[in-house]
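A.B. asks: got a sequence here, can you build the structure:
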Amino acid sequence: MRGSTVGATLTLLLLSLIAQLDVCRASESVSDKPFITLNTSRDFPHITSRQQWQARAREIREQILVSCGLWPMPDKTPLNPHIFGKIEHDDYSVERVYFEPLPGFYLAGNLYRPRGKGPGPFPGILNPHGHWAQGRLADAKDGSVVARCINFAKQGTVAFAYDMVGFNDSHFSDSPTNKPFYDIHRQFGSAHSDLLWNISLMGLQTWNSIRALDFLESLPDVDPIHLACTGASGGGTQTYILGAIVNRLAAQAPVCMVSHTMQGGCSCENAPGLRVEYSNMEIAAAAAPRPQILVAATGDWTKDTLTVEGPAIAHIYDLLNAPEKLRYVRFDFGHNYNQTSREAVYAWFDKWLLNNPAPQSSAGVPPAPCLKESPYQKDSDSNLRVFPDFKLPGDAVTLNELVESLKAMHRNQWRALAPHSKAGLAHFKEVMLPAWRHTLHVEWPETNSSDRSDQHFAGASELLMPNHPRSLRTLVIVVHSGTNNSESASRFPTLIAGLAHARIPFMALDPWQVHRPRDQFADFFSTYNRTEAQEQVRHIVAACTYGRKALKAKKIVLCGIRRAGLWALLAASAADAVVADCCQLDVSDEQALLAPDLFFPGIHNIGGFEGAAILAAPHPLLLHNAGQHFKTDSLRATYQAIGLSGKLRIEAKLVEEDLGEWILSL
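C.D. replies: Take a look at the predicted model:
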């Protein structure tokens, strides 16, 4: 029955059938918690075992890489380093350096080496800087990158100080030359559409840190077993982010940054999705059990380190049987990396990089760990700058050229992973399932983290259970995109009638409700909160998990009506079969993908809706109303490659009766 003339008959039939069913309506419970911001106080989770922490630390590392657009990891292209302009002092030398973390993008810095201490190899220390106006050339009382690098070299290590993006010598061929470095710094990754690719300033700087470590490790006079990183403020962020995602650091020292109350105020510290579940405390703890010192100040957001952040992270080191590898100190200053803070770091690195035991007092009690700073004289900026006239090499890229290059890289990565065999599908899932989870912020498959999908199923729904169901094995979940009301089941009477006739349990799921306005592009919203669209998919995944656990369904069939078909397709991995209305979406229209109900940061990096559908293979899929611009070529190729083309149907617009017939045929 398809004509409007039978509408009344269908309604009567539906009411008659529902009268024979046990109807359970879930209570609507929409979270009224305030949105999280960079200044929201965060708690460290309750961790009780080594295994629990190791599982969570793995999730943290994955989330950082996905958020920064580094999952899968990009190919490491040749650095083509240039080292020149050596200035020799009595006990150290300094040189100018530039290399290519990405083709055509140049990262610059200064290399400080010891003199008079033999040929090495020496420990190597990365020195990212914070948002001091002069960047790596800062030499002020409250923070001097130059002072610490000179002293590191005098103490017998090789120190490399490198620029933040946009500072000093590390910019684009079209960067303005008449603006403060910070203004240039904030330009990269500022387009809303960049978020769809997880292209961000934080992602670029994290990649720069990885490649800077590669450069330092490649030097013949550097000991690759003894590498370290230290920086303050934004440089502290770079330090613990690097420490969380690489295992090559023998020690690290984030200064005046790890906090439970402030997570970082610049776009270079706020990649999309990064802190929806995790805080900087946990990110710093992910380096455990490697040696780490936290340096804090009474006059900034690290003032509680002795009572909050330090003990929380120390608990993780205790669980890993490495309490001696963490130290946390606080000094009575404002935000800084001053001489007092530097001397605490000198002593820590002296112990863990140079293997020098702490000095003993005459009473045999170790004094407060510090290593006094030697006097130093900074060389002129003109002798330290790499491109003082702002003239970059001829092949240097513009900002937009780098953005487009990164987009092309992500496209090529996905194409290379697209399955062409059963083994290829297994590899695709191995790489892309974690990316899918961290992009959409869903808990499936269930992990060992503290977040579980079924705990978040609180939306309004109608569960229609026949008194004598044909089978308890199958549960059909129909989700729609309309406004929530108590008559949601009557929106698709033909579909319900067919399922009820067949006595198949059925859940009509209302969409997750948006009761508060949100600007998803302001104040790093998506760094700390799920977007409206992510909440919709999470809601659907939670319903699937609820169906399996609470209702004991053996098979979950997910059916997305209208706009909800797109959400259902993204949630397909959590179901056993999916029907999705593709709404004739043009997936190349990035403005359409920025709409509140479709905004998923990083969606392109998992292959969009098509990539999510491939993750559901080999389960049955019915996609309809796809239109000409909804990509399905790789999806078709996948099902063909695994010999299951019959389980994939892609059709024009279908009506409810067609959908019901397909579901009943499963």
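A.B. asks: average pLDDT across stretch 301-318?
C.D. replies: For stretch 301-318, mean pLDDT is 98.
A.B. asks: and stretch 561-576, by the same measure?
C.D. replies: 96.
A.B. asks: low-confidence stretches in the chain?
C.D. replies: 1-32, 358-369, 446-461, 466-472, 483-491, 514-516 (pLDDT under 70).
A.B. asks: tell me where the stretch 201-350 of the chain has strands.
C.D. replies: 222-232, 249-255, 292-299, 326-334 (DSSP state E, counting those that start in this stretch).
A.B. asks: possible to save these as JSON lines with distance to Ser173 and mean neighbour count?
C.D. replies: C-beta coordinates here come from the backbone N, C-alpha and C atoms, glycine included. Output for those, formatted as JSON lines (distance: least, CB to CB, whole Å; neighbours: other CB atoms under 10 Å):
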{"stretch": "strand 222-232", "distance to Ser173": "27", "mean neighbour count": "24"}
{"stretch": "strand 249-255", "distance to Ser173": "33", "mean neighbour count": "26"}
{"stretch": "strand 292-299", "distance to Ser173": "37", "mean neighbour count": "24"}
{"stretch": "strand 326-334", "distance to Ser173": "38", "mean neighbour count": "17"}
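A.B. asks: possible to save those strands as a markdown table with distance to Cys582?
C.D. replies: Output for the strands of the stretch 201-350 of the chain, formatted as a markdown table (distance: least, CB to CB, whole Å):
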| stretch | distance to Cys582 |
| --- | --- |
| strand 222-232 | 46 |
| strand 249-255 | 46 |
| strand 292-299 | 48 |
| strand 326-334 | 51 |
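A.B. asks: which among the ones you listed is found nearest to Ala147?
C.D. replies: strand 222-232 (12.0 Å; CB to CB).
A.B. asks: packing partners for the closest one?
C.D. replies: strand 122-128, helix 201-218, helix 234-245, strand 249-255, helix 339-352 (3 or more CB pairs under 8 Å, 6 or more residues apart in numbering; DSSP states H and E).
A.B. asks: give me the helices and strands touching the first one, please.
C.D. replies: Under the contact definition 3+ CB pairs under 8 Å, 6+ apart, strand 122-128 sits against helix 145-155, strand 158-162, helix 201-218, strand 222-232, helix 234-245.
A.B. asks: then it to PDB, C-alphas only?
C.D. replies: Output of strand 122-128 as PDB, limited to C-alpha atoms (Å, rounded to 0.1, in the frame of the first residue of the first chain):
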ATOM      1  CA  PHE A 122      75.900  13.900  23.800                       C
ATOM      2  CA  PRO A 123      72.300  13.900  25.000                       C
ATOM      3  CA  GLY A 124      70.000  16.000  22.800                       C
ATOM      4  CA  ILE A 125      67.400  18.400  24.100                       C
ATOM      5  CA  LEU A 126      64.500  19.900  22.100                       C
ATOM      6  CA  ASN A 127      63.500  23.400  23.200                       C
ATOM      7  CA  PRO A 128      60.100  24.600  21.900                       C
END
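A.B. asks: and that strand with strand 222-232, angle?
C.D. replies: 30 degrees (axes from the mean of the first three to the mean of the last three CA atoms, to 10 degrees).
A.B. asks: what of the fourth one?
C.D. replies: An angle of 20 degrees separates the directions of strand 249-255 and strand 222-232 when computed by the same axes, to 10 degrees.
A.B. asks: likewise the longest one?
C.D. replies: Compare the direction of helix 201-218 with that of strand 222-232 by the same axes, to 10 degrees and you get 150 degrees.
A.B. asks: list the buried ones in helix 201-218?
C.D. replies: 201-216 (16 or more other CB atoms under 10 Å).
A.B. asks: for Thr157, which non-adjacent residue is closest in space?
C.D. replies: Here the nearest residue to Thr157 in space, its sequence neighbours aside, is Pro123; by CB to CB, 6 or more residues apart in numbering that works out to 4.4 Å.
A.B. asks: how about that neighbour, what does it touch?
C.D. replies: 156-158, 222-223, 226-228, 250, 349, 353-354 (CB atoms under 8 Å, 6 or more residues apart in numbering).
A.B. asks: got the domain boundaries for the chain?
C.D. replies: 54-388, 412-664 (automatic domain parsing).
A.B. asks: for the ones you listed, give me TSV that also has distance to Pro34.
C.D. replies: Formatted as TSV, these follow (distance: least, CB to CB, whole Å):
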stretch	distance to Pro34
domain 54-388	14
domain 412-664	9
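A.B. asks: pretty sure Arg148 contacts Ala228?
C.D. replies: No. If you go by CB atoms under 8 Å, Arg148 and Ala228 don't touch, sitting 11.7 Å apart.
A.B. asks: in what helix or strand does Gln534 lie?
C.D. replies: Here Gln534 sits within helix 532-549, counting by DSSP states H and E.
A.B. asks: packing partners of that helix?
C.D. replies: Against helix 532-549 (3+ CB pairs under 8 Å, 6+ apart) you get helix 422-440, strand 474-479, strand 506-509, strand 555-560, helix 564-570.
A.B. asks: now mean neighbour count and distance to Arg42 too, for these, in a markdown table please.
C.D. replies: Putting the helices and strands packed on helix 532-549 into a markdown table (neighbours: other CB atoms under 10 Å; distance: least, CB to CB, whole Å) gives the following:
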| stretch | mean neighbour count | distance to Arg42 |
| --- | --- | --- |
| helix 422-440 | 19 | 19 |
| strand 474-479 | 27 | 32 |
| strand 506-509 | 26 | 31 |
| strand 555-560 | 26 | 34 |
| helix 564-570 | 28 | 28 |
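A.B. asks: can you lay out those as a markdown table showing distance to Pro291?
C.D. replies: Formatted as a markdown table, the helices and strands packed on helix 532-549 follow (distance: least, CB to CB, whole Å):
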| stretch | distance to Pro291 |
| --- | --- |
| helix 422-440 | 28 |
| strand 474-479 | 50 |
| strand 506-509 | 50 |
| strand 555-560 | 47 |
| helix 564-570 | 42 |
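A.B. asks: sorry, back to before: so which of the domains of the chain comes closest to Thr48?
C.D. replies: That would be domain 54-388 among these, by CB to CB, at 8.4 Å.
A.B. asks: next one: that closest one to chain centre, how far?
C.D. replies: 20 Å (CA atoms, centre = their mean, to the nearest Å).
A.B. asks: if you drop the residues flanking it in sequence, what lies closest to Leu111?
C.D. replies: Glu95 (4.6 Å).
A.B. asks: wasn't the one you found part of a helix?
C.D. replies: No. Glu95 sits outside any helix when classified using DSSP: H, G, I helix; E, B strand; the rest coil, being strand.
A.B. asks: could you measure from it over to Val158?
C.D. replies: 11 Å (CB to CB, to the nearest Å).
A.B. asks: do Thr527 as well
C.D. replies: Distance from Thr527 to Val158, by CB to CB: 34 Å.
A.B. asks: ok, now Gln187?
C.D. replies: Gln187 is 32 Å from Val158, by CB to CB.
A.B. asks: between these two, which is the more surrounded one?
C.D. replies: Here Gln187 and Val158 are compared on neighbour count by other CB atoms under 10 Å; more neighbours surround Val158, at 24 against 18.
A.B. asks: hang on, the more buried one packs against Pro220?
C.D. replies: No. Judged on CB under 8 Å, Val158 makes no contact with Pro220 at a distance of 10.5 Å.
A.B. asks: so for those two, which residues contact both of them?
C.D. replies: The contact lists of Val158 and Pro220 share Gly120, where a contact means CB under 8 Å, 6+ apart.
A.B. asks: quick revisit: nearest to Pro434, out of the helices and strands packed on strand 122-128?
C.D. replies: helix 234-245 (13.5 Å).
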